[in-house]
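Trainee: no sequence on this one, just coordinates:
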Ligand SMILES: Nc1ncnc2c1ncn2[C@@H]1O[C@H](COP(=O)(O)OP(=O)(O)OP(=O)(O)O)[C@@H](O)[C@H]1O
């Protein structure tokens, strides 16, 4: 059974349609990334799945349950980390967790939750003294109290520095390895690419791309760029040049490693050097920017 099944989900605020017929499935134990620009409808989708808002149309099943009708049963099996957490600044981390534990049936021991969220050494610290990233971790610790089968993480690493972000990726990866399904939204595409095996990109309330991360990216073009030697015209090269950026020739190709090898042997045979050679396989960012440009063009048309 899929952990999450969404078919034709619609949700409006007044007469503004925030989600307009979105369908996807999340397999058990998978990390699934919900991506899109501001206002795409990611948070709305997550809130419907978590039972915070009823859908206007479509079918939604989470762990086999209806998020509205089976809200209590679902709450007991999910952990939720939303964008804004409200904590009491004067409480310590331990006191905050203890206060929450009172509301969670069969709650996980406090130290275990803190350990899992990577806050094991912060129990005695007052919330006001935590960094922004540590506050997000505290949020995660609270989300883990119910021993959830499914975690909803809305922008879990916002406000973290790169090191804290990487540590949090490790924490999330470990949780998934223990079998917890994770639905994540993020604006850090590197984060989605690093963590998620499957993704859905939304734009203005509809899905514009979906599928396995590796397969989707493998089907995209990569990029090879280098400084064009003085004596060479772009048309002389054995690989077609897609664009010139100043003196830099850019080739967008399905297999950038092969293109780079071809270019290097061609240059070697002629005693030429390809300065500043860069080889990059397709990234989620390439895909994201392409899709955004395409959606904007559609909007103008
Ligand atoms: N409570 C609300 N009332 C009215 N409109 C809303 C409400 N919540 C969200 N919206 C609108 O619905 C659209 C989708 O919002 P949503 O928060 O789901 O997007 P998002 O993809 O999560 O965006 P972000 O990346 O900025 O968090 C936006 O245009 C937003 O302004």
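Mentor: Ah, there it is. Bear in mind that the values here come from a model prediction, so they are computed numbers and not experimental data.

Trainee: from now on I want contacts and neighbour counts done on CA atoms only, so please keep to that.
Mentor: Fine.

Trainee: the domain parsing of the chain - what is it?
Mentor: For the chain, the structural domains run 2-211, 221-281, going by the TED database.

Trainee: tell me the most buried of those?
Mentor: Ranked by average neighbour count under the criterion mean count of other CA atoms under 10 Å, those are headed by domain 2-211 at a mean of 19.

Trainee: any idea of the mean pLDDT for it?
Mentor: For domain 2-211, the mean per-residue pLDDT is 93.

Trainee: quick one: that domain near the ligand?
Mentor: Yes: figure legend: domain 2-211 in contact with the ligand (CA under 6 Å from any ligand atom); contacting residues 13, 18, 36-44.

Trainee: which of those residues fall in helices?
Mentor: 42-44 (DSSP state H).

Trainee: can you list these in JSON lines and add distance to residue 261?
Mentor: Written out in JSON lines, the entries for these read as follows (distance: CA to CA, whole Å):
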{"residue": "42", "distance to residue 261": "41"}
{"residue": "43", "distance to residue 261": "44"}
{"residue": "44", "distance to residue 261": "46"}
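
Trainee: wait, which of these is closest to residue 119?
Mentor: The shortest separation between residue 119 and any of these is 26.0 Å, and it belongs to residue 43 (by CA to CA).

Trainee: how near is the closest one to residue 19?
Mentor: Relative to residue 19, residue 43 is positioned 10 Å away (criterion: CA to CA, to the nearest Å).

Trainee: could you dump the domains of the chain to TSV with distance to residue 289?
Mentor: Formatted as TSV, the entries for these read as follows, by distance: least, CA to CA, whole Å:
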stretch	distance to residue 289
domain 2-211	10
domain 221-281	13
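
Trainee: and of the ones you listed, who's closest to residue 296?
Mentor: Closest to residue 296 of those, according to CA to CA: domain 2-211, at 9.8 Å.

Trainee: ends of the closest one, what's the gap?
Mentor: Taking CA to CA as the measure, domain 2-211 stretches 15 Å from start to finish.
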